Each structure stands twice: as structure tokens, then as C-alpha cells.
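**Student:** sequence and predicted structure are below.
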Amino acid sequence: HLLVEEALTDALIFKAENPKYIVEARLTFANKYKMVRAFYDHSCESWIWTSISMLNKTRNRLAHNLSPQEVEEDINQFILFVKNNQPMWVDGMLTVNHSNFFWAIFLIFSEIRSLTSIE
């Protein structure tokens, strides 16, 4: 979530004439997401925007201590959604716990970063 938020911030800064105001605004993740989508909506496939929204929903469930079952369901739906929409999906790419979750986040992060050509 933090990596995707960083990529969203970078995309806003890239578009800004004076980036200090983006930083000073202390925007929420949801605010950044909506603003980046407003600037780059057609630069990404629509599934990217949906998956970012799903990731934020999952993060909010974790932050507000809802049942672990709901969080697990959100994570599984998020992974399945990205997997079904991302042609670069590779099962078992990472050898860590929750590797599919991390891979899904990385793919979204990479897509948002590509908007600004930041590597």
C-alpha cells in the first residue's frame, strides 16, 4: 500500500508545476488516487484503477481491525483480480509468505511508476 501510495505521489509531483504544494497538501491515499486518475485515466488500463481501489479497501479493513476473515477475503479477491487482468502474472515468482499478494502490489506499483518514467 505504501509503495503504491509513493507511486501515486510521484505521479502527482510529475504533473505539478510546483511540487511542494503536493507535498504540503498532506493528501490521503484516496485523494491521491482520484487526482492521479483524473490526470492519467486513459494512460492505464482500467483494471489498474480498480485494483488500487481494492488495495485501499483491504488496507482500511486492516487498519480498522475488522475480522481477519474479511481481510483474507479482500486479499484473495485483490490477488485474483490482478492475476486475471495482468498478462505478466507468474505464479510462484516470489518465495515469501503471501508472495501472490506482494507480486500483485508490485505489478500495480510498476504500472503507476511507468506513468512518469521513474524507475
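**Tutor:** Right, received. Where do you want to start?

**Student:** now this protein, which segments are flagged as low pLDDT?
**Tutor:** Counting by pLDDT under 70, the chain contains low-confidence ranges at 65-66, 89-98, 118-119.

**Student:** helices of that one, start to end?
**Tutor:** Applying DSSP state H to the chain gives helices spanning 2-15, 20-25, 29-40, 46-63, 68-85, 99-114.

**Student:** make CSV out of the ones you listed and add mean neighbour count.
**Tutor:** Bear in mind the C-beta positions are built from the backbone N, C-alpha and C, glycine included. Below are the helices of the chain laid out as CSV (neighbours: other Cβ atoms under 10 Å):
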stretch, mean neighbour count
helix 2-15, 19
helix 20-25, 12
helix 29-40, 16
helix 46-63, 17
helix 68-85, 15
helix 99-114, 19
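
**Student:** for Glu45, which non-adjacent residue is closest in space?
**Tutor:** Using Cβ to Cβ, 6 or more residues apart in numbering and skipping the chain neighbours, the partner closest in space to Glu45 is Asn85 (7.3 Å).
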